[in-house]
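[1] Any chance you can model this:
(one chain, ligands or ions: 2)
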Amino acid sequence: MAQPLLIRASLLNPVDADHWVFYRDGGVLVHEGRILGVGAMSEFRQQPVGAMLELDSLLVPGFVDVHIHWVQHHVRGRFQRDLMEWLRNHIWPEEMGFDNELFARRHAQNFFHDTVRAGTTLGMAYSSPHVRALEIAASEAIGDWVLGNSIMEKAAPEPLCRASPDNADQVAPLLKKLGREHYAVTPRFALNCSAALMRDLGDLARRENALIQTHLSESVNEVREIREAFPEAQDYTDVYDRAGLLGPRSVLGHCIHLSTREHQTLARRGAWIAHCPSSNEALDSGRMDLQAIRRHGIRYALASDVGAGPSHSMLHVMQRFLAQHRDAGVDVNAREALYHATLAGAECLGRGDRAGSFAPGKRADFVELPLPDGSGGPDHWFESLLAGEARDLEERPLRTWIEGHPMETDFDDEDDDHWPPPDWD
Ligand code: GUN
Ligand code: ZN
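    Ligands and ions are numbered 1, 2, ... in the order given. This next block holds a predicted model:
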């Protein structure tokens with residue numbers, strides 16, 4: 001039987017928002033895609049190993065992105081303006097193209113190659129409303145992904161909208177086909193759905209213990225439109241609460257313009273926030289009140305929200321997270337950033353036992369960041385990487401390991417050069 005592989009490198013292992021464990025000379029023992037052990041190299045002296053790989057690198061767990069739109073990847077960071085205008089004039093017309101299977105497959109391949117190249121090994125993504133595009137994405141996924149077709153019944157171009165019974169009827173078979181681990185019930189946001197449809201979706205998700213993803217309180221104009229569309233609700237959060245869409249398996253994107261009552265509701269329901277700092281900045285949506293989120297004990301994980309987010313790199317997201325809250329005088333640090341881009345994301349997606357950190361029994365999914373010459377302490381280097389200039393982070397050379405297999409990442413970033421895609425075997 002094959003012996004385990006011992007990888008020797010510096011390691012940063014997130015524990016919680018305040019702590020990581022750093023091994024300057026660390027080891028990860030990997031066997032058949034699982035982690036058998038992690039610690040200082042000295043702990044592995046007596047360990048029989050098949051092979052040892054010595055890397056002049058810093059290893060961190062694979063990044064987790066809990067809110068990204070794979071169908072917007074090719075237009076990420078473009079058309080930046082107010083959310084509602086951006087959706088109506090640019091994004092929805094763009095998503096209409098995903099009724100074409102060839103177009104969908106090509107974009108799915110580009111998306112998964114790019115995200116794995118940037119170190120993302122687990123994520124949850126919005127698809128367009130087209131069921132076939134969702135199935136194509138599921139078949140092209142690299143790494144561990146949860147996907148959901150955006151459910152839209154109104155207030156958007158007609159080709160994206162489905163009549164309500166069709167919407168609800170589509171979800172159960174997709175959930176069965178992809179499985180609870182890989183399918184999320186995805187009412188796009190309340191403006192696209194009636195209260196009755198959201199109730200049906202909430203009932204189904206609760207019955208099946210499915211993940212739910214949607215958007216909540218991203219822009220001031222959106223909140224105003226919600227108030228007009230749902231006069232019976234106390235506030236935006238209450239629109240979802242009345243529909244039974246808030247629970248520990250719910251992941252709500254943005255959550256910027258919330259009242260104390262809304263924070264209390266989210267905390268009471270145990271719902272998760274997908275915090276999208278780079279996207280919030282790009283659309284000028286506002287800054288999520290991190291201090292209020294902490295005070296109420298609401299759990300959150302970081303997310304790129306590509307295409308409003310300009311980059312799918314979670315390094316970039318961590319960097320904007322730190323810069324944005326620091327600029328507002330909030331005390332944040334690299335420990336909190338790394339935890340929320342890895343282990344918190346895995347917990348958010350129900351994989352805290354399998355992913356998100358180096359621990360025996362977890363998947364051997366991690367990111368290798370080559371250390372530059374004279375980088376000083378690798379932990380300090382990581383902090384300075386996140387505190388530095390944002391521009392090059394998407395292009396940062398790194399290697400992603402998924403279940404023990406290093407993924408080569410030296411291909412060009414241009415869409416056209418990915419077709420046909422490189423062979424990953
Ligand atoms: N709200 C509803 N749809 C979207 C979307 O595609 N992106 C963002 N950022 N917000 C949304
Ligand atoms: Zn989004």
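
[2] Tell me which helix or strand comes right after the host helix or strand of residue 380.
    Assigned by DSSP states H and E, residue 380 belongs to helix 378-387. Next along the chain after helix 378-387, taking DSSP H and E as the criterion, comes strand 399-402.

[3] Packing partners of the helix holding residue 380?
    Applying 3 or more C-beta pairs under 8 Å, 6 or more residues apart in numbering; DSSP states H and E, one finds that helix 378-387 contacts strand 5-14, strand 20-31, strand 51-61, helix 314-327, helix 334-340. For the C-beta atoms, the positions are set from N, CA and C on the backbone; glycine is no exception.

[4] and the spatially most central residue of the chain, what is it in contact with?
    Closest residue to the average C-alpha location of the chain: residue 65 at 1.7 Å, with C-alpha atoms, centre = their mean. Residue 65 makes contact with 115, 120, 122-124, 302-304, 312, 314, 317, 341, 345, according to C-beta atoms under 8 Å, 6 or more residues apart in numbering.

[5] got these as a markdown table, with pLDDT and neighbour count columns?
    Compiled in a markdown table, those are given as follows (pLDDT from 0 to 100; neighbours: other C-beta atoms under 10 Å):
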| residue | pLDDT | neighbour count |
| --- | --- | --- |
| 115 | 96 | 28 |
| 120 | 97 | 28 |
| 122 | 98 | 26 |
| 123 | 98 | 27 |
| 124 | 98 | 26 |
| 302 | 98 | 31 |
| 303 | 98 | 31 |
| 304 | 98 | 33 |
| 312 | 97 | 28 |
| 314 | 97 | 32 |
| 317 | 97 | 30 |
| 341 | 98 | 30 |
| 345 | 98 | 33 |
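
[6] Out of those, which is nearest to ligand 2?
    Of all the contacts of residue 65, residue 303 has the smallest distance to ligand 2: 8.0 Å, by C-beta to the ion.

[7] shouldn't that closest one be in contact with residue 317?
    Yes. Contact criterion C-beta atoms under 8 Å: residue 303 and residue 317 qualify, at 7.0 Å.

[8] Give me the subset of the contacts of residue 65 lying in strands.
    In strands, judged by DSSP state E, the following of the contacts of residue 65 are found: 120, 122-124, 302.

[9] got those as a markdown table, with distance to residue 131 columns?
    A markdown table is the format used below for these (distance: C-beta to C-beta, whole Å):
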| residue | distance to residue 131 |
| --- | --- |
| 120 | 24 |
| 122 | 23 |
| 123 | 20 |
| 124 | 18 |
| 302 | 29 |
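
[10] Just give me the neighbour total for residue 12.
    Using other C-beta atoms under 10 Å, residue 12 has 24 other residues around it.

[11] Closest one of the contacts of residue 65 to residue 272?
    Taking C-beta to C-beta as the measure, residue 272 sits nearest to residue 345 out of the contacts of residue 65, at 9.4 Å.

[12] could you measure the closest one against ligand 1, distance?
    From residue 345 across to ligand 1, the span is 18 Å (C-beta to the nearest ligand atom, to the nearest Å).

[13] Could you find the closest non-adjacent residue to that residue?
    Leaving aside its sequence neighbours, residue 345 sits nearest to residue 64 (C-beta to C-beta, 6 or more residues apart in numbering; 2.7 Å).

[14] pretty sure that neighbour contacts residue 347?
    No. Taking C-beta under 8 Å as the definition, residue 64 is not a contact partner of residue 347, at 9.1 Å.

[15] Between these two, which is the more surrounded one?
    Between residue 64 and residue 347, counted using other C-beta under 10 Å, the more crowded position is residue 64 (30 against 20).

[16] so the more buried one is in which element?
    strand 63-69.

[17] Could you confirm whether that strand reaches ligand 2?
    No. Using C-beta under 5 Å from the ion, strand 63-69 stays clear of ligand 2, with a minimum separation of 5.5 Å.

[18] In three-state terms, label residue 191 for me.
    helix (DSSP: H, G, I helix; E, B strand; the rest coil).

[19] Skipping its backbone neighbours, what lies nearest it in space?
    residue 155 (5.2 Å).

[20] Count residues in the vicinity of that neighbour, would you?
    16.

[21] I'd like the distance between it and residue 189.
    Residue 155 sits 10 Å away from residue 189, going by C-beta to C-beta, to the nearest Å.

[22] got the CA coordinates for stretch 300-310 in PDB?
    The C-alpha trace of stretch 300-310 is given here as PDB (Å, rounded to 0.1, in the frame of the first residue of the first chain):
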ATOM      1  CA  TYR A 300     -20.000  35.700   8.500                       C
ATOM      2  CA  ALA A 301     -17.700  34.400   5.800                       C
ATOM      3  CA  LEU A 302     -15.900  36.400   3.100                       C
ATOM      4  CA  ALA A 303     -16.900  36.300  -0.600                       C
ATOM      5  CA  SER A 304     -15.800  37.900  -3.800                       C
ATOM      6  CA  ASP A 305     -19.300  38.400  -5.300                       C
ATOM      7  CA  VAL A 306     -17.800  38.400  -8.800                       C
ATOM      8  CA  GLY A 307     -19.000  40.100 -11.100                       C
ATOM      9  CA  ALA A 308     -19.800  43.100  -8.900                       C
ATOM     10  CA  GLY A 309     -16.600  42.100  -7.200                       C
ATOM     11  CA  PRO A 310     -13.700  42.900  -9.500                       C
END
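
[23] one step back: what lines up beside the strand holding residue 64 in the sheet?
    Neighbouring strands of strand 63-69 in its sheet, by DSSP bridges, are strand 120-127 (parallel).

[24] ok, then the element right after the strand it pairs with?
    As assigned by DSSP H and E, the chain's next helix or strand after strand 120-127 is helix 131-140.

[25] Okay, buried residues for that next one please.
    For helix 131-140, the neighbour count (16 or more other C-beta atoms under 10 Å) marks 131-138, 140 as buried.

[26] re the thing from before, go over the secondary structure and confirm the residue nearest to residue 191 is in a strand.
    No. Under three-state DSSP, residue 155 falls outside any strand and is assigned coil.

[27] I'd like to know how far it sits from residue 229.
    With C-beta to C-beta as the criterion, residue 155 and residue 229 are 8 Å apart.

[28] who touches both of the two?
    Between them, residue 155 and residue 229 share these contacting residues under C-beta under 8 Å, 6+ apart: residue 191.
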